[in-house]
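In: Quick one, what's the 3D model for this:
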Amino acid sequence: MSLRTFVLAILACSLPAAAQGTAQSPERVKSLLEQGRDRWRAEAATATAEARSELEGRASRMAKVLSEAGDLRVQVLVGEVVERDGKPELVAHGWRADAEYFYPASTVKLLGAVAALERMRELQRKAAPGLKLDTPLAFYGSRRGGAMLTNDADNVVDGKLTLRHLVRESLIVSDNESFNRLFEFTGHDRLNELMWRAGLKSTRISHRLSIKMSILENRRTPTIELRMPEGVVRLAEETGKLELANVEDREGVLIGKGRMEGADLVPGPMSFIAKNRVTLRDLQVGLARVVRPELPFEGEPFDLGDEERALLLEALSQYPAESQNPRWERAKYPDDYVKFFLPGVLRVLPKEHVKIYNKVGLAYGFVIDTAYIVDTRTQKGVFLAAAIYANSDGVLDDDTYDYDSLAFPWMADLGELCAREFLTTK
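Out: Below is the predicted model:
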């Protein structure tokens with residue numbers, strides 16, 4: 001079975017019937033991109049010199065994406081919530097959605113946060129009924145013999161390491177270490193199995209982020225202490241058994257023409273066969289399960305209570321500078337720091353009426369954003385997910401990517417087009 005056949009078979013099970021009918025048809029999304037390109041060209045012809053340069057830039061970027069979509073591994077998935085027989089459903093419009101592998105980078109942090117909260121609720125029902133979001137945690141070393149981790153310097157209240165702060169840091173500013181602790185709290189096998197149970201069958205979260213470990217080391221999660229007032233509960237070290245390599249697409253996971261190892265260039269593509277994997281569709285469904293839990297999907301709903309869902313909704317939508325604990329300065333973490341569609345949406349809607357629930361990813365030249373964008377005045381919302389590979393020199397780990405010249409401005413342009421199409425009154 002080819003990878004594409006394999007992926008489409010999975011998606012047929014994970015999308016509602018209404019979405020299955022439209023998700024395979026690219027015409028609407030591609031037409032939206034083409035119309036945007038043509039409108040910007042037309043507006044540039046009569047604009048002032050300064051505005052002309054900006055408009056021509058948008059048109060040129062979109063033309064490049066449309067003509068080089070395969071090389072750029074571009075994928076776009078737009079989801080509309082529609083009423084059918086008095087019930088809401090998510091109808092997806094995709095262009096090149098899941099056409100090839102992309103590295104999901106930090107987008108997996110939402111799934112990691114959800115799984116950790118589900119693990120907490122499981123423990124509350126069994127071994128630790130007193131466990132709460134603010135219970136202090138202690139992690140033994142990720143590698144045997146490593147130092148125990150008990151404190152979180154960003155917790156300005158008491159400096160304790162808690163699930164609440166791990167979730168907030170992981171989602172609001174996309175902190176890698178916080179995700180790694182959530183990965184360990186949940187467990188290698190359990191994290192994936194919880195996502196599969198929810199219908200996100202493409203999920204392969206096999207490793208921590210920004211730390212080099214072997215496959216076996218990543219399967220191991222350390223002893224963790226839950227330090228509750230009534231006493232300490234110790235979660236034993238675990239070693240996962242799941243084989244999660246991306247063996248279905250041996251060619252598609254070979255990326256680039258070389259990679260840097262220190263100061264040395266190693267020729268040949270880099271293999272992502274042992275890297276994390278989640279399709280764009282499953283990322284969108286995972287977000288939808290959190291922000292619109294009433295929508296029907298195959299698989300079981302996430303096991304989240306009101307408090308856990310409220311935590312996720314705030315962390316997914318809050319700008320870093322709005323957070324009181326932890327605290328981040330706007331100068332270092334601007335509002336669009338991890339909201340790539342925001343600048344374009346603000347060309348259409350006033351900022352005070354925009355709410356974006358999202359998670360981005362950025363690594364190895366891959367740029368991804370999966371979002372639910374809402375006009376709070378009308379409560380109109382649209383799901384938008386996109387991925388692009390912005391690495392024109394083909395070398396990985398050289399810190400020379402086309403993020404600022406292509407990926408970020410294109411994501412903003414896409415946000416503008418979708419806001420105009422789906423959130424404004426025509």
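In: Every contact and neighbour count from this point should use C-alpha atoms.
Out: Fine.
In: Please state the offset of stretch 154-165 from the chain centre?
Out: 24 Å (C-alpha atoms, centre = their mean, to the nearest Å).
In: Can I get it as PDB, trimmed to CA atoms?
Out: Output of stretch 154-165 as PDB, limited to C-alpha atoms (Å, rounded to 0.1, in the frame of the first residue of the first chain):
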ATOM      1  CA  ASP A 154       8.900  31.100  35.400                       C
ATOM      2  CA  ASN A 155       6.200  30.400  38.000                       C
ATOM      3  CA  VAL A 156       6.200  33.800  39.600                       C
ATOM      4  CA  VAL A 157       3.800  32.600  42.400                       C
ATOM      5  CA  ASP A 158       5.800  29.900  44.200                       C
ATOM      6  CA  GLY A 159       8.400  28.600  41.700                       C
ATOM      7  CA  LYS A 160       6.800  25.100  41.600                       C
ATOM      8  CA  LEU A 161       6.800  22.800  38.600                       C
ATOM      9  CA  THR A 162       3.100  22.100  37.800                       C
ATOM     10  CA  LEU A 163       1.000  20.800  35.000                       C
ATOM     11  CA  ARG A 164      -0.700  24.100  34.700                       C
ATOM     12  CA  HIS A 165       2.600  25.900  34.000                       C
END
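In: got a list of contacts for it?
Out: Residues outside stretch 154-165 that contact it (C-alpha atoms under 8 Å, 6 or more residues apart in numbering): 117, 133-138, 150-153, 182, 311, 325-327.
In: how about a cut-off of 6 Å?
Out: Identification of contacts with stretch 154-165 by C-alpha atoms under 6 Å, 6 or more residues apart in numbering yields 133-137, 150-153, 326.
In: Return the distance of Ala128 relative to Leu163.
Out: Ala128 sits 14 Å away from Leu163, going by C-alpha to C-alpha, to the nearest Å.
In: Among these two, which residue is more densely surrounded?
Out: Leu163 (23 against 20; other C-alpha atoms under 10 Å).
In: Roughly how far does that one sit from Asp85?
Out: When distance is defined by C-alpha to C-alpha, Leu163 is 40 Å away from Asp85.
In: Spatially central, which residue of the protein would that be?
Out: By C-alpha atoms, centre = their mean, the chain has its centre lying nearest to Thr107, at 2.2 Å.
In: which residues touch that residue?
Out: By C-alpha under 6 Å, 6+ apart, the neighbours of Thr107 are 359-361.
In: quick one: which of those has the most company?
Out: Lys359 (29 neighbours).
In: Look at the closest residue in space to Pro301 that isn't next to it in sequence and say how many residues are nearby.
Out: Using C-alpha to C-alpha, 6 or more residues apart in numbering and skipping the chain neighbours, the partner closest in space to Pro301 is Ala198 (5.9 Å). Other residues within reach of Ala198, judged by other C-alpha under 10 Å, total 21.
In: Quick check: Ala198 vs Phe183, distance?
Out: From Ala198 to Phe183 the distance is 17 Å (C-alpha to C-alpha).
In: ok, now Glu43?
Out: 48 Å.
In: How about Arg144?
Out: With the distance defined as C-alpha to C-alpha, Arg144 ends up 17 Å from Phe183.
In: Looking at these two, which has the bigger crowd around it?
Out: Taking other C-alpha under 10 Å, Arg144 and Phe183 do not tie; Phe183 has more neighbours (27 against 10).
In: so which strand or helix has that one?
Out: Using DSSP states H and E, the element containing Phe183 is helix 176-186.
In: related to what we said a few turns ago, I'd guessed the residue nearest to Pro301 sits against Phe297; true?
Out: No: judged on C-alpha atoms under 6 Å, Ala198 makes no contact with Phe297 at a distance of 8.5 Å.
In: And for this protein, the residue most distant from the center?
Out: The chain, farthest from centre, C-alpha atoms, centre = their mean: Thr46 at 38.8 Å.
In: Look up the pLDDT of the spatially closest residue to Arg220 that is not a sequence neighbour for me, please.
Out: Closest residue in space to Arg220, ignoring its immediate chain neighbours: Thr239 at 4.2 Å, by C-alpha to C-alpha, 6+ apart. On pLDDT, Thr239 comes in at 97.
In: Give me the buried stretch members for the helix holding Phe183, please.
Out: For helix 176-186, the neighbour count (16 or more other C-alpha atoms under 10 Å) marks 176-186 as buried.
In: Which of those residues lies at the shortest distance from Pro229?
Out: Comparing the buried residues of helix 176-186 against Pro229 with C-alpha to C-alpha places Phe185 closest, at 19.6 Å.
In: The strand or helix carrying Glu217: what's the following helix or strand?
Out: Using DSSP H and E, Glu217 sits in helix 215-219. Next along the chain after helix 215-219, taking DSSP H and E as the criterion, comes strand 220-221.
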